[in-house]
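Trainee: okay, here's the prediction I keep looking at, along with the sequence it came from:
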Amino acid sequence: MSPTNIFTPASTPADSIFGLSIFVLLNVAAIFVIVFALLTYVVVRFRSGRSEDPKEPVQVYGSTQVEVAWTVIPVLIVLALFLAAARVIASVQAPPQRPGALEVIVTGHQFWWEYRYPSLNIVTANELHVPLSDLRHPTPTFLTLLSADTDHSFWVPRLAGKTDLIPNHPNHMWIDPHEPGLFLGQCAQYCGTQHAKMLLRVYVQPADEFEKWVHQQQQRPQAGTVSAGQRVFESTACVNCHTVSDTPAKGRFGPDLSHLMSRATIASGAAPNTSQMLRLWIKNPDAIKPGSKMPAMGLNDQDLDAVTAYLETLR
């Protein structure tokens, strides 16, 4: 099953949108079949050259019944579509309020995602983790959508519809996924060179797995001997863009790296988080993501290996 299949919704907002789509599709399909059938009948029944029926069809000039029919029927169809759409919009924009519901602040950057869990004191990037919602006792996750630079759009097809991230204009959306697993999406608003590689990964986890992830993310790095890689990291411009807990690195322009190796991917899903790809990403970001905002640091091979080894300790 495709993790981006819009025909297999796995969350209440996506269910509502899918139901509306099917309702609209059935209506327009019925209109198409009726109109096409009538047109086919007329073309066949009254085509030229039929010797057995050479006369022109009876012409009707001014029929109150016909005029009422072709006015009232379209109005009723449009009214039904309007009411159905209004009901779905209202349900999506007025989420059920639940005490203790998880809240996440999502910030779109060129070209990556930042996730902050205020109640859990967790900051991570590119991979959103949320708990599974029980249909009998829904536990929705509420997302506040912000932009750090230009317009972005948050879209995970199986979980909810698209919602834009507009600078200086917070937006909101909610999900309550009722299937565990990995759900993929991406920025759906052109935001620059690497828009197509601004990918989304949402991990929906049962309560115990989510609590385990939360516990891991809340752990502080183990204090120990400062490695050569850490010294290189802290003596370069890396600290101006990235944060690593309990170190001088407090930057906010790039992703928080405190638990970098707990993520399956780097560069907002553009590459797997392996030692080889991490080293290449540090050495030459454009080799993975042309137009990336991350600069090549110009490290020699020894320092590059040391920094890579240091980052691999950040779990």
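Mentor: Perfect, I can see it now. Numbers count the residues shown, from 1 in each chain.

Trainee: ok, the closest residue to residue 187 other than its chain neighbours - contacts?
Mentor: Closest residue to residue 187 apart from its sequence neighbours, by C-beta to C-beta, 6 or more residues apart in numbering: residue 198 at 4.0 Å. All C-beta spots, glycine's among them, are computed from the backbone N, C-alpha and C. Residue 198 makes contact with 108, 110-113, 152, 186-187, 191, 268, according to C-beta atoms under 8 Å, 6 or more residues apart in numbering.

Trainee: just the residues you listed now: which is nearest residue 26?
Mentor: Residue 26 has its nearest neighbour among the contacts of residue 198 in residue 186, at 29.5 Å by C-beta to C-beta.

Trainee: surely that closest one is in contact with residue 196?
Mentor: Yes - if you go by C-beta atoms under 8 Å, residue 186 and residue 196 touch, sitting 7.5 Å apart.

Trainee: neighbour count winner among these two?
Mentor: Using other C-beta atoms under 10 Å, the more surrounded residue of residue 186 and residue 196 is residue 186, with 21 against 12.

Trainee: contacts only, for residue 77.
Mentor: By C-beta under 8 Å, 6+ apart, the neighbours of residue 77 are 27, 31.

Trainee: so where does it fall, helix or strand?
Mentor: Using DSSP states H and E, residue 77 maps to helix 64-93.

Trainee: quick one: the helices in the protein?
Mentor: Along the chain, the stretches classed as helices by DSSP state H are 12-45, 64-93, 207-218, 228-234, 238-241, 275-283, 301-311.

Trainee: residue contacts, residue 81?
Mentor: Applying C-beta under 8 Å, 6+ apart, the residues near residue 81 are 23-24, 27.

Trainee: from those, pick the one nearest residue 238.
Mentor: Nearest member of the contacts of residue 81 to residue 238, counting by C-beta to C-beta, is residue 24, at 50.5 Å.

Trainee: ok, the closest one - contacts?
Mentor: Contact analysis of residue 24 by C-beta under 8 Å, 6+ apart lists 81, 84.

Trainee: next one: residue 292
Mentor: Here residue 292 is in contact with 111, 194, 267, 285-286 (C-beta under 8 Å, 6+ apart).

Trainee: can you do 6 Å?
Mentor: Taking C-beta atoms under 6 Å, 6 or more residues apart in numbering, we find residue 292 in contact with residue 285.

Trainee: could you check the pLDDT of it?
Mentor: Model confidence at residue 292, given as pLDDT, is 86.

Trainee: tell me the spacing between it and residue 133.
Mentor: 35 Å (C-beta to C-beta, to the nearest Å).

Trainee: equivalent analysis for residue 124, please.
Mentor: 20 Å.

Trainee: now stretch 216-223: mean pLDDT?
Mentor: For stretch 216-223, mean pLDDT rounds to 79.

Trainee: give me the pLDDT value at the residue nearest the centre of the chain.
Mentor: Nearest to the mean C-alpha position of the chain, by C-alpha atoms, centre = their mean, lies residue 155 at 2.7 Å. Residue 155 is assigned 95 on the pLDDT scale.

Trainee: and what of residue 64?
Mentor: On pLDDT, residue 64 comes in at 86.

Trainee: poorly predicted segments of this structure, please.
Mentor: Within the chain, the stretches with pLDDT under 70 are 1-2, 48-57, 221-226.

Trainee: who's in contact with residue 160?
Mentor: If you count contacts by C-beta under 6 Å, 6+ apart, residue 160 has them with 13-14, 173, 175.

Trainee: if any of these are buried, give me the ChimeraX selection for them.
Mentor: In ChimeraX, a selection of the buried entries from these looks like this (16 or more other C-beta atoms under 10 Å):
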select :13,14,173,175
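
Trainee: if we can go back for a sec, the residue nearest to the centre of the chain pairs with what?
Mentor: residue 186 (DSSP bridges).

Trainee: for it, which residues are in contact?
Mentor: Residue 155 neighbours (C-beta under 6 Å, 6+ apart): 162, 185, 188.

Trainee: just among the residues you listed, which is most surrounded?
Mentor: residue 185 (22 neighbours).

Trainee: was I right to think that residue contacts residue 200?
Mentor: Yes - Residue 185 lies in contact with residue 200 (C-beta atoms under 6 Å); the separation is 3.8 Å.
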